[in-house]
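Trainee: Here's a sequence, model it:
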Amino acid sequence: MLLFATGAGANEFSSTNPPAVIFRNVEQVRAGCLEGRRMICGKILRVLPDGLVVESGYTDLLRPPLTDSWFAPGTVAATRTPNLVESREPGSPCVGTVFLSDLPRSRGKKSKQFDYVILLGYPAGEHTYTSVGTMQKTLRRFTGTLAAAVKYQIAERKWAAVQLNLPANTNGVIPKLLSQTGAFRDVANLVPEDYLLPYDVNVPFWSDGADKTRWACVPPGEAVHFSPTNEWSFPPGTVFVKNFEIGTDDTHPETKRRLETRLIVCDDSGGAYGVTYKWRADNSDADLLETNLNEDIEIKTATGVRKQTWYYPSRADCLTCHTANAGLVLGVKTRQLNRDFNYPDGRTENELVAWKNLDLFDTDFSDDAVKQFPALARTDDLSRSLEDRVRSYLDANCAQCHRPNGTVANFDARYDTPLAEQGIVSGHVLIDQRIDGARVVAPNDLWRSILLMRMDTVDGYLMPPLARNTVDERGVKMLREWIASLSGPRVLPPPEILPPGGNFSSPVEVTLKTEPAAKIFYTLDGTVPTTNDLSYEKPFTVTDPTIVRAKAFEDGCTKSITAKEFFLFNR
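Mentor: Just a heads-up that it's a prediction; the model follows:
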């Protein structure tokens, strides 16, 4: 990436600055180009007070003095090898190139102030450029400003944002390799292109302990519809890139394996589609998956090796959560990006301010205004209340489905809905797991809180139900603490039935245990115990197939839920 000064000379420009199209001081730039007879060659990324930031495609055309038009004989040839791009690696971008020049007078006609020529090329190493004889077919003349030229270029290639090689919708051809998407300059080392803006969120979605790195790409000249509280909406061509890595050695957390890179694309019909690329073992590239996939990952422990199953989602899986009702794009919103971020160029800045300063929003606000915008509370941020941290966690992990017009459940997990209106505390459930008095969250009752039950399991009734094979122990611990902190009567734990049920070859002596002051009632016929059933006084013997159910009672306390065990006999 280069900075071309509007006067004499050119300077280096840091390629780590987040790119965007910013039309500032256009007339000054235009006048400087006329005076200095400079030619700007490449994709214009930023217009600055002292020059243009351009992703250069043909560096040898930029050497002054320039006294002729860019398409002088020999400039472009039909069989020319792609040796004029910055990188010779296959997939290096040189598409949507904008050429700006003051053409010489010819044939007695006065040339206009500017001629803007757009060359629609293709990645280096995969295309021979158009010959001089046919190049004039792509010539367009304007009398407007530099801004008009760039906007024209965007209109011509509005969909692809001149950057990523992704189709407008799933009817197009999706690249088979991650290296062919144009997202990364150096795929093996995961070095993104400059037009990918890195970002992070306050509270990440739980992804089986994986570490995630995120980037966004908004089409130049387009803007995100900003909302302080609700979902943002993104223009067609916006792309989000997320890379997943997982630790493979519990004794050395820095040891990680690259698993997959997912892309979410805002398509040309107002929807979105997602694609998953699975990394090769040598990290040389990642291959497009046509369907979902499970893979067992070996993880070294202090005592040996354990296996963790990783789920790679299909395109259909992506749309299970990335729904229109949820805004299609998840996690990229005010309350998630209202945080400081350490950018690659060394500066630390609030992400909302950074996006605003890049003209990525359709709304302006002062830097101080972000202090009044909501921000989710990180799980480990003890300066925020326990309730705030729990609600933030539920917003990040549940709200894409649990919201009005979402899933069939009754509660609303969105953070911007007041707790009293969310239907979480004492909220009724549609599926009670056969637990009496079950609620979404039952105050001070861990056993009747279905939300906790479904988070703290990997069985078939787990939540979220897709792409999760482990329990988020830290999230579950926080939820337990919050439920226990809610005002409510003391709740008895379910009785312990010993030994646990199973298959036996001889009669079994069964013992029931609970708190000292509590009384246990039990049944042997499969019915739910009440105080009218058998009162437990001492161990009893089971000789035939039996369902033992037990429940604890105590005055002044909420009775326990029912404990049960199945005893079978092999004879």
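Trainee: per-residue pLDDT, residue 467?
Mentor: Reported pLDDT at residue 467 in the predicted model: 83.
Trainee: Could you verify my assumption that it touches residue 207?
Mentor: Yes - applying Cβ atoms under 8 Å as the test, residue 467 and residue 207 come out as touching, 7.3 Å apart. Where you see a C-beta, it was placed from the backbone N, CA and C, and this is true even at glycine.
Trainee: so where's the protein uncertain?
Mentor: Where the chain drops to pLDDT under 70, the residues are 1-163.
Trainee: try 80 this time
Mentor: For the chain, applying pLDDT under 80 flags the ranges 1-164, 220-221, 408-409, 461-462, 571.
Trainee: Show me how it divides into domains.
Mentor: 2-156, 178-372, 386-485, 496-569 (automatic domain parsing).
Trainee: okay if I get those domains as TSV plus mean neighbour count?
Mentor: Rendered in TSV, the data for the domains of the chain read as follows (neighbours: other Cβ atoms under 10 Å):
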stretch	mean neighbour count
domain 2-156	16
domain 178-372	17
domain 386-485	18
domain 496-569	15
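Trainee: Out of those, flag the one nearest residue 379.
Mentor: Closest to residue 379 of the domains of the chain is domain 386-485 (Cβ to Cβ; 5.8 Å).
Trainee: Run the chain-centre distance for the closest one.
Mentor: Using Cα atoms, centre = their mean, to the nearest Å, the mean C-alpha position of domain 386-485 is found 22 Å from that of the whole chain.
Trainee: what's the answer for stretch 188-201, then?
Mentor: Stretch 188-201 sits 13 Å away from the centroid of its parent chain (Cα atoms, centre = their mean).
Trainee: Please, where are all the helices along the stretch 301-450 of the chain?
Mentor: Defined through DSSP state H, counting those that start in this stretch, the helices belonging to the stretch 301-450 of the chain, from first to last, are 315-321, 334-337, 351-357, 386-398, 419-422, 450-455.
Trainee: where does the most centrally placed residue in the chain land in three-state SS?
Mentor: Here the mean C-alpha position of the chain is nearest to the C-alpha of residue 242 (Cα atoms, centre = their mean), at a distance of 5.6 Å. With DSSP: H, G, I helix; E, B strand; the rest coil as the basis, the three-state label of residue 242 is strand.
Trainee: Identify the bridge partners of it.
Mentor: Residues in a beta bridge with residue 242, per DSSP bridges, are residue 214, residue 262.
Trainee: Now do the contacts for it.
Mentor: 212-215, 261-264 (Cβ atoms under 8 Å, 6 or more residues apart in numbering).
Trainee: One more pass at 7 Å, please.
Mentor: For residue 242, the contacting residues are 212, 214, 261-262, taking Cβ atoms under 7 Å, 6 or more residues apart in numbering as the criterion.
Trainee: sorry, back to before: in a markdown table, list the helices of the stretch 301-450 of the chain along with distance to residue 199.
Mentor: A markdown table is the format used below for these (distance: least, Cβ to Cβ, whole Å):
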| stretch | distance to residue 199 |
| --- | --- |
| helix 315-321 | 19 |
| helix 334-337 | 6 |
| helix 351-357 | 6 |
| helix 386-398 | 15 |
| helix 419-422 | 27 |
| helix 450-455 | 27 |
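Trainee: Tell me which of the ones you listed lies nearest to residue 515.
Mentor: Checked against Cβ to Cβ, the stretch from those lying closest is helix 450-455, at 20.7 Å.
Trainee: counting contacts, what elements does that closest one pack onto?
Mentor: Where contact means 3 or more Cβ pairs under 7 Å, 6 or more residues apart in numbering; DSSP states H and E, helix 450-455 is packed against helix 473-485.
Trainee: Against which helices or strands is the helix it packs on packed?
Mentor: Other elements packing on helix 473-485 under the criterion 3+ Cβ pairs under 7 Å, 6+ apart are helix 386-398, helix 450-455.
Trainee: Indicate which one of those helices is closest to residue 511.
Mentor: Scanning the helices and strands packed on helix 473-485 with Cβ to Cβ as the criterion, the closest one proves to be helix 450-455, at 25.6 Å.
Trainee: Just the residues contacting that closest one, thanks.
Mentor: Under the contact criterion Cβ under 7 Å, 6+ apart, helix 450-455 has outside partners 429, 432-433, 438-441, 446, 461-463, 475-476, 479-480, 483.
Trainee: Same list, the domains of the chain, but as a markdown table with distance to residue 169 please.
Mentor: Output for the domains of the chain, formatted as a markdown table (distance: least, Cβ to Cβ, whole Å):
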| stretch | distance to residue 169 |
| --- | --- |
| domain 2-156 | 19 |
| domain 178-372 | 4 |
| domain 386-485 | 22 |
| domain 496-569 | 49 |
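Trainee: wait, what's in contact with the spatially closest residue to residue 444 that is not a sequence neighbour?
Mentor: Nearest residue to residue 444 in three dimensions, chain neighbours excluded: residue 488, at 3.4 Å (Cβ to Cβ, 6 or more residues apart in numbering). If a contact means Cβ under 7 Å, 6+ apart, then residue 488 has 443-445 as its contacts.
Trainee: Please repeat the previous calculation with a cut-off of 8 Å.
Mentor: 442-445, 558.
Trainee: list the contacts for residue 265?
Mentor: For residue 265, the contacting residues are 166, 237-239, 272-275, by Cβ under 8 Å, 6+ apart.
Trainee: Try it again at 10 Å.
Mentor: Residues in contact with residue 265, defined by Cβ atoms under 10 Å, 6 or more residues apart in numbering, are 164, 166-170, 174, 181, 217, 234, 236-241, 271-275, 328.
Trainee: Can you flag which of those residues belong to strands?
Mentor: Within those, membership in strands is found for 217, 239-241, 272-275, as judged by DSSP state E.
Trainee: and which of those is nearest residue 539?
Mentor: Taking Cβ to Cβ as the measure, residue 539 sits nearest to residue 274 out of those, at 56.6 Å.
Trainee: Identify the bridge partners of that closest one.
Mentor: Residues in a beta bridge with residue 274, per DSSP bridges, are residue 264.
Trainee: re earlier: the residue nearest to residue 444: helix or strand, and which one exactly?
Mentor: Take DSSP states H and E as the rule and residue 488 turns out to sit in neither a helix nor a strand.
Trainee: Surely residue 363 touches residue 373?
Mentor: No - between residue 363 and residue 373 there is no contact under Cβ atoms under 10 Å: 11.7 Å.
Trainee: Next, show the common contact partners of these two.
Mentor: Taking Cβ under 10 Å, 6+ apart as the criterion, residue 363 and residue 373 both touch residue 228.
Trainee: Return the distance of stretch 301-308 from the chain's centre.
Mentor: Using Cα atoms, centre = their mean, the offset of stretch 301-308 from its chain centre is 29 Å.
Trainee: Please measure how far the first residue of that stretch sits from its last one.
Mentor: With Cα to Cα, to the nearest Å as the measure, the ends of stretch 301-308 fall 12 Å from one another.
Trainee: ok, and what's touching it?
Mentor: By Cβ under 10 Å, 6+ apart, the list of residues contacting stretch 301-308 from outside reads 208-209, 246-251, 295-300, 469-470.
Trainee: Just the ones of those residues in strands?
Mentor: Short answer: those in strands (DSSP E) are 246-247, 295-300.
Trainee: What number of residues are in the vicinity of residue 177?
Mentor: Residues contacting residue 177 under the criterion other Cβ atoms under 10 Å number 16.
Trainee: got a list of what the residue nearest to it when sequence neighbours are not counted touches?
Mentor: Nearest residue to residue 177 in three dimensions, chain neighbours excluded: residue 285, at 5.2 Å (Cβ to Cβ, 6+ apart). The contact partners of residue 285, taken as Cβ under 10 Å, 6+ apart, are 176-180, 184, 187-188, 277, 279.
Trainee: try it again with 6 Å
Mentor: With contacts taken as Cβ atoms under 6 Å, 6 or more residues apart in numbering, residue 285 has the following neighbours: 177-179, 187.
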